[in-house]
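In: got a predicted structure plus its sequence, pasted below:
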Amino acid sequence: MGFGDLKSSSGLALLNDFLSARSYVEGYVPSQADVAVFDAISTPPSADLCHALRWYNHIKSYQDQRDSLPGVKKPLGHYGPAGVADTTTVSTPASKDDDDDDIDLFGSDDEEDAEAEKLKEQRLAEYAAKKSKKPTLIAKSSILLDVKPWDDETDMSKLEECVRSVQMDGLVWGQAKLVPVGYGIKKLQIGCVVEDDKVGTDILEEKITAFEDFVQSMDVAAFNKI
């Protein structure tokens with residue numbers, strides 16, 4: 001397994017495709033696997049590699065905590081899709097006694113090195129092209145929000161109208177209901193479905209609490225991946 005050269009466009013394309021259906025390189029939380037792959041990338045992925053760029057920015061936010069992330073950091077070739085050769089290590093040159101028996105693809109001959117590199121890039125490009133033809137899985141989440149008013153005199157119909165006026169690409173509002181919280185006060189409980197790459201809870205909270213005449217606060221009551 002492996003991603004190939006993550007400093008090349010073909011390697012980043014493989015990473016982007018690999019992360020199209022995953023949040024992290026391994027498991028469901030940031031780990032040393034993400035650190036190992038992150039360290040192999042020299043520059044942030046381009047905007048068209050949306051899954052890789054989303055993952056890159058997320059892991060970058062853990063830079064101050066990277067040593068405390070779980071797992072054991074392994075060589076880069078231990079991560080990535082199966083069926084792609086690990087090109088991150090260099091084989092030991094064959095001794096002179098073995099020259100007649102073995103063919104060293106990574107020998108000192110410049111012409112052979114160039115040919116081997118060209119073949120490697122071609123195979124990685126073909127693999128990336130094949131994978132890119134498959135439908136991209138869009139990561140979505142179902143979120144249940146609790147929106148609290150200032151007091152029992154708050155117009156809850158107007159509050160819900162304000163919440164539903166928040167419109168963004170990748171956001172779909174669902175059903176809502178009023179839930180008693182005490183002293184005659186009710187909170188608005190409203191569901192929505194979001195595309196993870198486009199909408200997060202932070203931006204939802206920012207936009208909803210901007211209606212400060214009606215909204216005291218917003219909390220996430222439930223968050224589930226779809």
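Out: In hand now; what should we look at?

In: state the helix or strand in which the spatially most central residue of the chain lies.
Out: The residue lying closest to the centre of the chain (Cα atoms, centre = their mean) is Trp55, at 3.3 Å. Using DSSP states H and E, Trp55 sits within helix 50-60.

In: and what of Pro70?
Out: Per DSSP H and E: Pro70 is located in neither a helix nor a strand.

In: contacts only, for it.
Out: Shown in contact with Pro70 (Cβ atoms under 8 Å, 6 or more residues apart in numbering): Val29, Ser31, Gln32. (Glycine included, C-beta is placed from N, CA and C.)

In: list the buried residues of the lowest-mean-pLDDT helix or strand in the chain.
Out: None of the helices or strands of the chain scores lower by mean pLDDT, DSSP states H and E than helix 110-132, at a mean of 80. Of all the residues in helix 110-132, those buried under the rule 16 or more other Cβ atoms under 10 Å are Ala116, Lys120, Glu121, Leu124, Ala125, Tyr127, Ala128.

In: in JSON lines, list those residues along with distance to Val193.
Out: Shown next, in JSON lines, are the buried residues of helix 110-132 (distance: Cβ to Cβ, whole Å):
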{"residue": "Ala116", "distance to Val193": "48"}
{"residue": "Lys120", "distance to Val193": "42"}
{"residue": "Glu121", "distance to Val193": "40"}
{"residue": "Leu124", "distance to Val193": "36"}
{"residue": "Ala125", "distance to Val193": "36"}
{"residue": "Tyr127", "distance to Val193": "33"}
{"residue": "Ala128", "distance to Val193": "30"}
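
In: returning to what we had before: next one: the residue nearest to the centre of the chain, what pLDDT does it get?
Out: Per-residue confidence (pLDDT) for Trp55: 88.

In: next, work out how far apart the residue lying closest to Ile226 once chain neighbours are set aside and Pro149 are.
Out: Excluding its sequence neighbours, the residue lying closest to Ile226 (Cβ to Cβ, 6 or more residues apart in numbering) is Lys140, at 4.3 Å. Distance, Lys140 to Pro149, using Cβ to Cβ, to the nearest Å: 29 Å.

In: these two - which one has more neighbours?
Out: Pro149 (22 against 17; other Cβ atoms under 10 Å).
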